[in-house]
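> no sequence on this one, just coordinates:
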């Protein structure tokens, strides 16, 4: 692939055409949906890092550290290990479905995941709700009412952290 075949090379060619059109007094590139301005706005919309993603990721890290989540899950005798196993399976299914939709379909194939794989969103939703319920049930003896704040922040940080994987 040559440099001019890359998306940045295409943008540079459009910028050069727009500059030559501006010099000639032609305004045909201003209303073009493939113009430089439209292309830059599209690239801004595709940015994966925003304030919400960073908030949930920071909150998940903070909750994990403050509430000793790893120690509670691994060593606390009050945790029901059978329910914890099935919660992990359900959360794993949710993460795999979300990763497939975000990474494979959106980033690698460049297609809309709602059209390409419409099953991914309902599967991820159903399995994460089952996983949440099981995880709440097995962790309730450890954290009590705080489970309703701890578990959603961990899951949101996990799912939104997938979007920050560089491709």
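Alright, I've got the coordinates. None of the values given here were measured: they were computed from a predicted structure.
> Strands along this structure, start to end?
Using DSSP state E, the strands of the chain do not appear at all; there are none.
> for it, which spans come out with low pLDDT?
In the predicted model of the chain, residues 1-48, 167 satisfy pLDDT under 70.
> Need the single longest helix in it, by residues.
The residue-count maximum for a helix in the chain (DSSP state H) belongs to helix 120-143.
> Who are the packing partners of that one?
With contacts defined as 3 or more C-beta pairs under 8 Å, 6 or more residues apart in numbering; DSSP states H and E, the secondary structure elements packing on helix 120-143 are helix 69-75, helix 81-99, helix 113-116, helix 147-162. (Each C-beta comes from the backbone N, C-alpha and C, glycine too.)
> From the rest of the structure, what touches that helix?
Taking contacts as C-beta atoms under 8 Å, 6 or more residues apart in numbering, the residues outside helix 120-143 that touch it are 67, 72-73, 76, 78-81, 83-84, 86-91, 93-94, 97-98, 100-101, 105, 113-114, 147-148, 150-152, 155, 159.
> Pipe the helices and strands packed on helix 120-143 into TSV and attach distance to residue 136 per row.
Listed next are these as TSV, based on distance: least, C-beta to C-beta, whole Å:
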stretch	distance to residue 136
helix 69-75	13
helix 81-99	9
helix 113-116	28
helix 147-162	5
